[in-house]
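let me see the structure of the following:
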Amino acid sequence: MTIARRSTACSARTGLRWRDLPERFGSWITVYKRHRRWSADGTWQMLLTAIQTEQDGEGRVDWDISVDSTTVRAHQHAAGAPRTPPPASPSPAPGRKKRGRRRDKPGRSAAGHADGPAGRGGQAGECSGRSRGGFTTKIHLSADGHCRVLSLVLTPGQYGDSPQLRRVLGHIRIPRLGPGRPRTRPDSLAADKAYSSRVNGAYLRCRKIRHTIPEPRDHAPTGPPRLGRRTTHRLRRQRYKGRNVVERAINRLKNFRAVATRYDKRAYIFLGTVTMAALVI
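The predicted structure follows:
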């Protein structure tokens, strides 16, 4: 298992092809299949959660977290994954005109294979999209005060940041060493203007999470009525300066060439690669 982790980390850090893996790591096809299997069954995530649990038990996790996203350019080898046709719709009754939305074209559906992880199939299902950077994938993540990743979410490159805040926070789940429920709520959250919305503000207040999210000047105030947004910014200016930890966490992740450029066709394999990089960090 140690050799498998080292060989996978070597491939992720250098970005080399699996076929070019040094012979001292053994058969490249064995290493690739093991990495694919561990990405599918959640082994990489389980290992990352175990490390986070140990660190949290020692008090080494800073729960003043920050949230952001980064766009990853997909290599041409990341295209061409087998497409999944949409499920067959029941035929309308004779004499009745079919109404409602038309089904997605074959290969455009996000429905997954029955024998694979959820979300497989189609361009959206594989988290591949078209943005200004071309063929891209976006990584949404949260990081603690020590620039370490707490949660990861993949979307196509053209997806916005604000709608993914709830998913990113929902993936934070660190079990406790002793009795008690896993910790899912941070002490505070900092994010940039892309996450400023009424929906996110209501969600964070509902979960009682203190947050520092600046608002664009051309937007109407959405903060509490007793305390305006500008006053809140003055009080939490120092907290917002600490948001750079998530930017530094992204820089550390992108030191792995297989994370900075996506080579994996399947989204769950690429997510496993990013999770493994976070585990090494």
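
what comes into contact with stretch 10-26?
With Cβ atoms under 8 Å, 6 or more residues apart in numbering as the test, stretch 10-26 has contacts from 3, 6-7, 28-29, 31-32, 35, 255-261, 263, 273, 276-277, 280. (Glycine included, C-beta is placed from N, CA and C.)

buried members of those residues into PyMOL, please.
Listed next is the PyMOL selection for buried residues among the contacts of stretch 10-26, using 16 or more other Cβ atoms under 10 Å:
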select buried, resi 7+28+31+32+35+256+258+259+260+263+273+276+277+280
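
show me the contacts of stretch 10-26 that map onto strands.
Judged by DSSP state E, these include Thr261 as members of strands.

how about the strands in the protein?
Using DSSP E, strands in the chain cover 64-74, 129-131, 134-143, 149-156, 188-190, 210-212, 261-262.

now those in a markdown table, with distance to Gly170 and mean pLDDT?
Below are the strands of the chain laid out as a markdown table (distance: least, Cβ to Cβ, whole Å; pLDDT from 0 to 100):
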| stretch | distance to Gly170 | mean pLDDT |
| --- | --- | --- |
| strand 64-74 | 12 | 93 |
| strand 129-131 | 22 | 80 |
| strand 134-143 | 10 | 92 |
| strand 149-156 | 8 | 95 |
| strand 188-190 | 13 | 93 |
| strand 210-212 | 16 | 90 |
| strand 261-262 | 24 | 92 |
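
which one of the ones you listed lies nearest to Pro182?
Minimum separation from Pro182 across those (Cβ to Cβ) falls at strand 149-156, 12.2 Å.

tell me how far the closest one lies from the chain's centre.
With Cα atoms, centre = their mean, to the nearest Å as the basis, strand 149-156 stands 1 Å off its chain's centre.

which other residues reach that strand?
Contacts for strand 149-156 (Cβ under 8 Å, 6+ apart): 48, 52, 65, 123-124, 127-130, 136-144, 164, 167-172, 174, 249, 253, 267, 270-271, 274-275, 278, 281.

just want the phi and psi numbers for the closest residue to Lys208 other than its chain neighbours.
The spatial neighbour of Lys208 that comes closest, neighbours along the chain excluded (Cβ to Cβ, 6 or more residues apart in numbering), is Arg185 at 7.5 Å. Note on Arg185: backbone dihedrals following degrees, to the nearest 10 are phi -110, psi 120.

for Arg185, give me the pLDDT.
Confidence at Arg185, expressed as pLDDT, is 94.
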